[in-house]
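Enquirer: Test case, fold it:
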Amino acid sequence: MPVQPVHLLRALLREASYLPDATARTYFRRYIVHRYKAYQPTQNATAALHVHAVDKYRHRSFKRRQTAIINERTRPLLRRGLKSLNFLRRANQGEIPCLQKVLFFAYGRMGRRKYALLENILKPDRIMDGGAIAASNEAGPAPLQKLYCSNKRYLQYFDAPKAATKTHHTIKISSRYSRLRAVLRTQHEKAISMNRGLKSSALKTPINNSWERPMPIKRACNNVRRWYAETMTRMLPPLPTEEWDNIYAMMVGDRKIGLVKRRGRGTALNADPVTEDELFASTVEKGIALDKPSKADKPAGIQRPHAITTRFMQRMYTKLLMLCCKLEWDDDQKRWKAIWGEAMKTIKPSLYNTPTDEMLFAGVDATGRIPRAPKKHALAKSLHVQPRNSEGEYMRFPFFAEQLPEDNPIRKELDEWKRKRAAAAARAKKQKAELGNITTTKMASSNATVRHASREDVPTILALIQELALYEKASDKVDSTEEILTRTLAHHDPSTSTFSEGFARTLLLTDPDGTVAGMALYFYNYSTWTGVPGIYLEDLFVKENYRKKGYGKRLLKELAGEVLKVGGKRLEWSCLTWNEPSLQFYQSEAVGAQTKDAWVGLRVEGDALGKLARS
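Expert: Just a heads-up that it's a prediction; the model follows:
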């Protein structure tokens with residue numbers, strides 16, 4: 001028995017009302033109703049107002065058909081309606097391809113709404129790039145329409161051709177359509193597409209044809225039309241700002257997703273009472289019946305139906321938002337800015353804890369990968385180029401030039417050329433050696449591990465302090481002992497990731513061979529001008545055998561991270577005036593420290609401190 005159109009309409013509207021997205025529910029309900037009204041005979045319309053409204057629809061697919069066309073197309077359209085019903089049911093069951101396609105239709109990534117959004121962006125802008133206000137009564141053909149002597153609509157979106165090379169012209173989008181130009185440029189730069197990406201954000205067309213004659217106007221016009229049609233097909237139009245923000249809010253969890261619970265089956269009124277035995281028998285028969293779908297009917301793997309939950313919809317919105325953009329006006333740069341969605345890469349703090357064993361990540365960078373040494377061809381190419389003459393051409397000499405007398409002009413040029421080549425080879429060798437040293441230093445510092453000192457590290461800290469005092473020629477001034485350091489330092493507990501009470505903390509750097517190679521002892525201070533805390537570095541020391549490996553820079557880098565953790569703005573320390581190597585290192589571009597010329601360091605200690613306290 002053929003399906004009745006009214007039954008199919010009710011089933012389609014019912015499935016559309018179960019879609020897990022509010023925008024999709026509204027879009028598909030309107031689409032279904034409008035398509036049905038287009039094939040509803042005029043005499044069956046419920047009101048005269050609806051009759052005239054359908055006849056005035058702009059889209060041809062929604063206009064009312066004639067009775068003969070309706071009768072001819074009813075049967076194939078019912079088959080298409082059944083397929084659409086099956087498609088909506090699969091989307092509501094959680095099949096990812098179907099649900100993703102539903103969202104693409106609803107948010108204008110494909111289908112009719114995409115071209116409705118394109119119509120909006122293909123209108124001239126009131127504010128162009130640079131903040132210029134477009135003239136409201138601008139008349140006359142566009143530059144390309146005037147050049148090609150044609151009034152085709154697609155020609156109005158382009159500027160006049162400009163020579164890019166000797167053989168090709170570049171035709172860019174007109175400044176009157178700066179929004180369109182911004183979307184095309186960013187989509188091409190980010191390589192965002194549904195299927196095939198945009199080839200370019202501007203048309204590049206040859207100046208001459210294959211016979212090196214000027215390009216015929218008809219063919220030039222067709223090249224523009226072909227590029228325009230292909231670009232508009234692959235372009236993803238921007239969404240309204242409110243709609244884009246709504247998707248983003250649902251993706252990050254700031255707004256509730258409008259999931260709809262499926263309604264239960266209706267119960268018969270005044271039904272006959274069912275005994276317990278009859279209920280048990282019906283339950284058993286229903287359980288052993290063979291009309292349930294098998295595993296062959298339910299695909300497994302990545303294409304299996306998914307339970308539609310909030311987290312699942314957030315992942316679907318993430319995929320959708322990566323294909324959507326919104327347009328905002330940038331007051332600083334005076335131009336339109338297209339903002340595209342990005343995948344969420346952050347980890348919730350509630351699901352992530354700092355690892356207690358830092359040795360697990362030894363030898364890897366911040367991305368978790370082992371750093372590689374630069375390739376050999378990373379050296380400057382100019383060092384490998386042989387000397388040239390004043391015209392920029394390679395210098396060539398006859399084979400007998402070396403046999404000529406030394407005062408011969410050709411022999412003099414040859415000797416000068418050899419001298420320049422030897423100098424270039426020496427520079428290349430020197431730069432290669434420096435690059436090797438830098439690579440070794442970076443590899444060594446990245447393979448070393450840095451951790452906070454615990455109570456068991458007190459003897460190691462004391463030994464490093466004594467070595468530092470020996471380096472500064474003040475070994476007789478060290479009064480610290482293991483007991484004093486144990487009592488006054490704050491020690492890290494790896495099991496709880498907390499610190500004991502103390503006045504200073506210590507960072508220890510361990511070489512890949514297992515030796516503690518350096519330390520940074522610091523404490524927190526406060527700045528009344530910035531209103532935020534900072535860190536004062538009391539001691540920074542690296543053992544002599546482990547210097548020139550970037551370990552000092554690594555310790556300063558970790559300290560800078562500690563400053564940022566507490567919201568600080570300053571990392572301060574002092575250096576002896578005679579310690580020239582350290583001063584040069586601190587003031588280099590690698591560290592970027594600056595000396596305080598207007599400040600003088602002052603200190604009160606010993607008897608003077610007691611006298612000051614009693615005064």
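Enquirer: so what's G140 closest to, chain neighbours aside?
Expert: Spatial nearest neighbour of G140, excluding adjacent residues (CB to CB, 6 or more residues apart in numbering): K146 at 7.8 Å. For every residue, glycine as well, the C-beta is placed using N, CA and C.
Enquirer: count of neighbours near that neighbour?
Expert: 13 (other CB atoms under 10 Å).
Enquirer: try K334
Expert: Neighbour tally, K334, other CB under 10 Å: 13.
Enquirer: Check the gap between T510 and D365 for me.
Expert: Distance, T510 to D365, using CB to CB, to the nearest Å: 17 Å.
Enquirer: More neighbours: which of those two?
Expert: Of the pair T510 and D365, T510 is the one with more neighbours under other CB under 10 Å, namely 17 against 12.
Enquirer: list the contacts for that one?
Expert: Counting by CB atoms under 8 Å, 6 or more residues apart in numbering, T510 touches 448-451, 516-517.
Enquirer: Report the contact partners of the residue of the chain most remote from its centre.
Expert: Using CA atoms, centre = their mean, the residue of the chain lying farthest from its centre is P405. It sits 66.5 Å away. By CB under 8 Å, 6+ apart, the contact set of P405 is R411.
Enquirer: what about it, is that helix, strand or coil?
Expert: State at P405, reduced to three classes by DSSP: H, G, I helix; E, B strand; the rest coil: coil.
Enquirer: Domain ranges for the chain, per the record?
Expert: Listed by automatic domain parsing, the domain ranges of the chain are 5-92, 96-133+141-257+302-339, 376-446, 448-614.
Enquirer: Now do the end-to-end distance for the last one.
Expert: When you say that, I think you mean domain 448-614. The straight-line separation of the ends of domain 448-614 (CA to CA, to the nearest Å) is 49 Å.
Enquirer: Then the second one?
Expert: End-to-end distance for domain 96-133+141-257+302-339: 26 Å, by CA to CA.
Enquirer: avg pLDDT for that domain?
Expert: Summarised as a single mean, pLDDT over domain 96-133+141-257+302-339 is 91.
Enquirer: a strand runs through A517, doesn't it?
Expert: Yes: counting by three-state DSSP, A517 is found in a strand.
Enquirer: Please give the number of neighbouring residues around the closest residue in space to it that isn't next to it in sequence.
Expert: Nearest residue to A517 in three dimensions, chain neighbours excluded: Y546, at 3.8 Å (CB to CB, 6+ apart). Using other CB under 10 Å, Y546 has 18 neighbouring residues.
Enquirer: For L414, see how far away the residue farthest from the centre of the chain is.
Expert: The gap separating P405 from L414 is 12 Å, by CB to CB.
Enquirer: thinking again about what came up before, any chance of a markdown table for the domains of the chain, columns distance to P273?
Expert: A markdown table is the format used below for the domains of the chain (distance: least, CB to CB, whole Å):
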| stretch | distance to P273 |
| --- | --- |
| domain 5-92 | 31 |
| domain 96-133+141-257+302-339 | 36 |
| domain 376-446 | 78 |
| domain 448-614 | 65 |
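Enquirer: residue boundaries of the helices in the stretch 501-615 of the chain?
Expert: All helices of the stretch 501-615 of the chain, identified by DSSP state H, counting those that start in this stretch, fall at 551-565, 580-586, 607-614.
Enquirer: For the ones you listed, which has the smallest mean pLDDT value?
Expert: Lowest mean pLDDT within the helices of the stretch 501-615 of the chain: helix 607-614, a mean of 80.
Enquirer: Flag every buried residue along that one.
Expert: By neighbour count on 16 or more other CB atoms under 10 Å, the buried set for helix 607-614 is empty.
Enquirer: Need the residues that contact that helix.
Expert: Against helix 607-614 from outside (CB under 8 Å, 6+ apart): V604.
Enquirer: Q66: how many residues sit nearby?
Expert: 10.
Enquirer: quick one, phi psi at it?
Expert: According to degrees, to the nearest 10, the main-chain angles of Q66 amount to phi -80, psi 160.
Enquirer: Equivalent analysis for W329, please.
Expert: phi -90, psi 120.
Enquirer: Excluding covalently adjacent residues, which one is nearest to it?
Expert: W336 (6.1 Å).
Enquirer: Next, give phi and psi for H491.
Expert: Per degrees, to the nearest 10, the backbone of H491 is at phi -100, psi 140.
Enquirer: what's the answer for the one 5 residues further on, then?
Expert: Its backbone dihedrals place T496 at phi -110, psi 0, with angles given as degrees, to the nearest 10.
Enquirer: Please tell me how far it sits from E402.
Expert: Distance, T496 to E402, using CB to CB: 78 Å.
Enquirer: more crowded one of the two?
Expert: Neighbour count, other CB under 10 Å: between T496 and E402, E402 has more, with 12 against 8.
Enquirer: Confirm the more buried one sits in a helix?
Expert: Yes: membership of E402 in a helix is supported by three-state DSSP.
Enquirer: in terms of contact, does it touch L414 like I think?
Expert: Yes: the criterion here is CB atoms under 8 Å, and E402 meets it with L414 at 6.8 Å.
Enquirer: ok, residues contacting the host helix or strand of L327?
Expert: Following DSSP states H and E, one finds L327 within strand 325-330. Strand 325-330 has contacts (CB under 8 Å, 6+ apart) with 127, 179, 182-183, 186-187, 236, 238-241, 244-245, 335-341.
Enquirer: what about V591, distance to A504?
Expert: Taking CB to CB as the measure, V591 falls 22 Å from A504.
Enquirer: just to revisit the earlier point, and the helix or strand following the strand holding L327, which strands flank it?
Expert: Going down the chain from strand 325-330, the next helix or strand is strand 335-340, by DSSP H and E. Sheet pairing of strand 335-340 (DSSP bridges) gives strand 325-330 (antiparallel).
Enquirer: Pull out the buried residues from the partner strand.
Expert: 325-327.
Enquirer: Could you do stretch 518-531 as well?
Expert: For stretch 518-531, by 16+ other CB under 10 Å, it's 518-522.
Enquirer: now those residues in CSV, with distance to A106?
Expert: Shown next, in CSV, are the buried residues of stretch 518-531 (distance: CB to CB, whole Å):
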residue, distance to A106
G518, 59
M519, 60
A520, 56
L521, 60
Y522, 56
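Enquirer: Now the two most distant members of those.
Expert: Spatial extent of the buried residues of stretch 518-531 (CB to CB) is set by the pair G518 and Y522 at 13.3 Å.
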